[in-house]
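Peer 1: build me a model:
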Amino acid sequence: AIVLSYGIILEGWPTTIPFTSPWNIHTISDMRALHDALKGGTCAWRTMLWSELEKYKADIERRQVEGEVIRKPHKKRSDVGTSRK
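Peer 2: I've put the predicted structure just below:
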């Protein structure tokens, strides 16, 4: 969602840590590795080139056509089907 919305990508995420929210990283060694990568500049956000963004969009569309779930569907509202004032 961030890649398509803003045209930016996170590069250099440490390979020893699964890509997830930092909130879900539970070991201090993994947190330190991520912190060091971000502070040292080996892991950073960068703006994608126009050609990279177009290629990314085409890949997402192809995967959706093939039936792959790209993102988790939103939860339905608790008041779905009732009139709201």
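Peer 1: which single helix of this structure contains the most residues?
Peer 2: Using DSSP state H to define each element, the chain has its longest helix at helix 50-65.
Peer 1: that helix: which residues count as buried?
Peer 2: The neighbour-count criterion (16 or more other C-beta atoms under 10 Å) identifies Leu53 as the buried residues of helix 50-65. Glycine gets a C-beta too; all of them are placed from N, C-alpha and C.
Peer 1: now do stretch 14-22
Peer 2: Ile17.
Peer 1: what about it, how long is it end to end?
Peer 2: End-to-end distance of stretch 14-22 (C-alpha to C-alpha, to the nearest Å): 12 Å.
Peer 1: run through who's touching it.
Peer 2: Residues outside stretch 14-22 that contact it (C-beta atoms under 8 Å, 6 or more residues apart in numbering): 13, 25, 30-31, 33-34, 37, 43.
Peer 1: now those residues as CSV including secondary structure, neighbour count and pLDDT?
Peer 2: Putting those into CSV (DSSP: H, G, I helix; E, B strand; the rest coil; neighbours: other C-beta atoms under 10 Å; pLDDT from 0 to 100) gives the following:
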residue, secondary structure, neighbour count, pLDDT
Trp13, coil, 16, 95
Ile25, coil, 15, 94
Asp30, helix, 15, 95
Met31, helix, 13, 96
Ala33, helix, 17, 95
Leu34, helix, 17, 95
Ala37, helix, 16, 96
Cys43, coil, 18, 96
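Peer 1: which of these lies closest to Gly81?
Peer 2: Closest approach to Gly81 among those (C-beta to C-beta): Ile25, at 39.4 Å.
Peer 1: make sure that closest one is actually in contact with Leu34.
Peer 2: Yes: with contact defined as C-beta atoms under 8 Å, Ile25 counts as touching Leu34 (6.7 Å).
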